[in-house]
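Chemist: Give me the fold of what follows.
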Amino acid sequence: TPSNNLKISGSYVDQRSVKEGIGATLIAKRSADPLHDYAPTPHFHYAVTGLAQFDGSRCVLSLADPMHEERIRLGHRDFPLGADFTAPLALMLEEMEQEKLGLSRLLRPAKFASTARISRLEPYDPNKTVVLLVHGLMSSPATWFPMLNHLQSKEDIRQKYQFWFYSYPSGYPYPYAAAIMRRELDEMKKQYPLKKKMVVVGHSMGGCISRLLITDSDRRIWDDLFDVSPEQMPLSEEHRHILTESIVFQHRPEVGRVIFISAPHQGATLATSWVGRFGSRLVQLPINAIAMGKEQLTFQKYSKGREHLHRIPNSVDTLAPDNHFVRALHKVPIKSGIPYHTIAGDRGLGNAPLSSDGVVPYWSSCLPNALSEKIVPSHHPAHQNPAAIDEVHRILKLHAQ
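Modeler: Numbers count the residues shown, from 1 in each chain. You can find the predicted model right below:
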């Protein structure tokens with residue numbers, strides 16, 4: 001499809017990233033097997049550039065990949081290769097039907113359990129570093145498209161990085177979503193072994209999930225929550241496994257750097273407000289978590305403080321500052337030797353460290369020992385803020401050195 005035939009607009013595409021140069025800018029589409037290709041949509045959409053080269057009276061038509069080739073040789077001269085990097089993103093965004101992946105997956109995570117997976121945006125290149133993007137509460141990978149649109153317009157990013165997503169029903173308690181993510185990483189590595197350590201970028205609750213990837217909890221969090229060991233917890237084998245893999249975990253060796261954006265590491269007060277509590281009651285947990293609730297009296301008996309939980313915590317509950325898991329995790333340090341960065345919004349008020357992005361206060365999003373910290377004039381969707389995107393670009397250039 002010729003890209004200049006497409007009129008592109010919308011809240012996630014604020015500008016069109018086009019590179020002037022030789023060739024006809026096109027979008028190539030191929031059918032994908034979402035399960036085995038790790039495709040985010042039923043089709044892959046690629047930016048390609050059509051070329052016509054002459055050999056005497058013979059014309060040779062070819063397609064070039066502007067994500068891998070910056071210049072093309074014609075005759076005795078090199079020319080920049082033209083490209084439209086926005087058009088394939090826009091087509092993928094439309095096919096993704098992102099409006100169905102936000103609120104619905106928060107309220108009815110069981111219905112969308114099959115959507116919890118890692119997917120890739122482009123053909124796998126073992127020589128490029130993976131950037132894994134993790135969305136937040138009531139969200140989907142579509143919210144990353146403004147950042148992708150800007151970053152893929154940069155030659156240094158195209159040459160050195162490739163992008164993956166982790167998508168999940170955001171009604172899941174985030175420790176459980178992190179456990180699924182670890183399983184997905186194990187499966188992904190079988191088909192796409194990494195030569196270079198990946199960079200993980202997490203927004204909002206996605207930042208909390210990302211934090212667990214660079215943490216060795218061992219038994220510290222478990223022992224903070226329960227009086228007995230995992231083996232002694234009198235639950236069914238399935239439910240003991242779910243509970244254990246969510247609470248006892250090790251850092252992921254394939255992760256080399258993490259960027260946290262508007263992440264409520266110590267919780268968000270909105271989760272404890274009447275709005276948060278009311279919203280929490282609307283979330284329908286998966287059937288395995290509901291079934292676990294039948295054994296709730298059992299692990300209530302062995303929980304520290306003998307708290308009387310009325311139900312299994314969901315994603316909103318695990319974002320509350322007084323949540324036991326949140327408080328226990330805060331005591332466990334991040335694995336040394338893995339650099340991490342924080343980006344937070346202050347709604348343009350310039351009042352850090354007393355600031356908030358409207359959802360997450362600065363005191364919750366900041367982390368001690370972060371390699372860098374950036375406050376941007378943004379509300380909670382700071383990952384779509386131009387200053388935050390520029391900061392991510394700066395960090396990626398740093399990582400590539």
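Chemist: can you pull out the helices in the stretch 201-350 of the chain?
Modeler: 205-212, 220-225, 237-247, 274-282, 287-293, 296-302, 324-330 (DSSP state H, counting those that start in this stretch).
Chemist: For the third one, enumerate the helices and strands it packs against.
Modeler: Which is helix 237-247. helix 174-191, helix 220-225, helix 287-293 (3 or more CB pairs under 8 Å, 6 or more residues apart in numbering; DSSP states H and E). Where C-beta positions appear, they are placed from N, C-alpha and C, glycine not excepted.
Chemist: Where among the helices of the stretch 201-350 of the chain is average confidence lowest?
Modeler: Ranked by mean pLDDT, the helices of the stretch 201-350 of the chain bottom out at helix 274-282, which scores a mean of 39.
Chemist: hmm, back to that, tell me which of the helices and strands packed on helix 237-247 sits nearest to residue 152.
Modeler: When these are compared by CB to CB, helix 174-191 sits nearest residue 152, at 21.2 Å.
Chemist: Just the CA atoms of that closest one, as PDB, please.
Modeler: Output of helix 174-191 as PDB, limited to C-alpha atoms (Å, rounded to 0.1, in the frame of the first residue of the first chain):
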ATOM      1  CA  TYR A 174       0.600  -6.900  39.400                       C
ATOM      2  CA  PRO A 175       2.700  -9.600  41.200                       C
ATOM      3  CA  TYR A 176       0.700 -12.200  39.300                       C
ATOM      4  CA  ALA A 177       1.100 -10.300  36.000                       C
ATOM      5  CA  ALA A 178       4.800 -10.200  36.600                       C
ATOM      6  CA  ALA A 179       4.800 -14.000  37.100                       C
ATOM      7  CA  ILE A 180       3.100 -14.500  33.800                       C
ATOM      8  CA  MET A 181       5.600 -12.100  32.200                       C
ATOM      9  CA  ARG A 182       8.500 -14.200  33.500                       C
ATOM     10  CA  ARG A 183       6.900 -17.300  31.900                       C
ATOM     11  CA  GLU A 184       6.500 -15.400  28.600                       C
ATOM     12  CA  LEU A 185      10.200 -14.400  28.700                       C
ATOM     13  CA  ASP A 186      11.200 -18.000  29.200                       C
ATOM     14  CA  GLU A 187       9.200 -19.000  26.100                       C
ATOM     15  CA  MET A 188      10.300 -16.100  24.000                       C
ATOM     16  CA  LYS A 189      14.000 -16.800  24.700                       C
ATOM     17  CA  LYS A 190      13.600 -20.400  23.300                       C
ATOM     18  CA  GLN A 191      12.800 -19.000  19.800                       C
END
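Chemist: Rounded mean pLDDT for that helix, please.
Modeler: On average, helix 174-191 scores 93.
Chemist: by contact count, what packs against that helix?
Modeler: Counting by 3+ CB pairs under 8 Å, 6+ apart, helix 174-191 packs on strand 117-120, strand 161-167, helix 205-212, helix 237-247.
Chemist: which residues touch the first one?
Modeler: This means strand 117-120. Residues outside strand 117-120 that contact it (CB atoms under 8 Å, 6 or more residues apart in numbering): 34, 38-40, 132, 141, 162-168, 181, 184-185, 188, 192.
Chemist: Check which element follows it along the chain.
Modeler: Using DSSP states H and E, the helix or strand that follows strand 117-120 towards the C-terminus is strand 129-134.
Chemist: Can you tell me what sits against that next one?
Modeler: 118, 141, 144, 147, 160-166, 181, 194, 196-203, 206-207, 209-210, 396, 399-400.
Chemist: now these: which count as buried?
Modeler: Those of the contacts of strand 129-134 that meet the buried threshold are 118, 141, 144, 147, 160-166, 181, 194, 196-203, 206-207, 209-210, 396, 399, by 16 or more other CB atoms under 10 Å.
Chemist: For this protein, just list every one of the strands.
Modeler: 18-19, 24-31, 43-55, 58-64, 71-74, 77-80, 83-84, 117-120, 129-134, 161-167, 198-203, 255-261, 340-345, 372-376 (DSSP state E).
Chemist: out of the ones you listed, nearest to residue 94?
Modeler: Comparing the strands of the chain by CB to CB, strand 43-55 comes nearest, at 9.7 Å.
Chemist: Report all helices and strands that the closest one contacts.
Modeler: So strand 43-55, by 3+ CB pairs under 8 Å, 6+ apart, packs with strand 24-31, strand 58-64, strand 71-74, strand 83-84, helix 86-96.
Chemist: quick one on the thing from earlier: now the helices and strands packed on helix 174-191 in TSV, please, with extra columns for distance to residue 331.
Modeler: Shown next, in TSV, are those (distance: least, CB to CB, whole Å):
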stretch	distance to residue 331
strand 117-120	29
strand 161-167	26
helix 205-212	13
helix 237-247	13
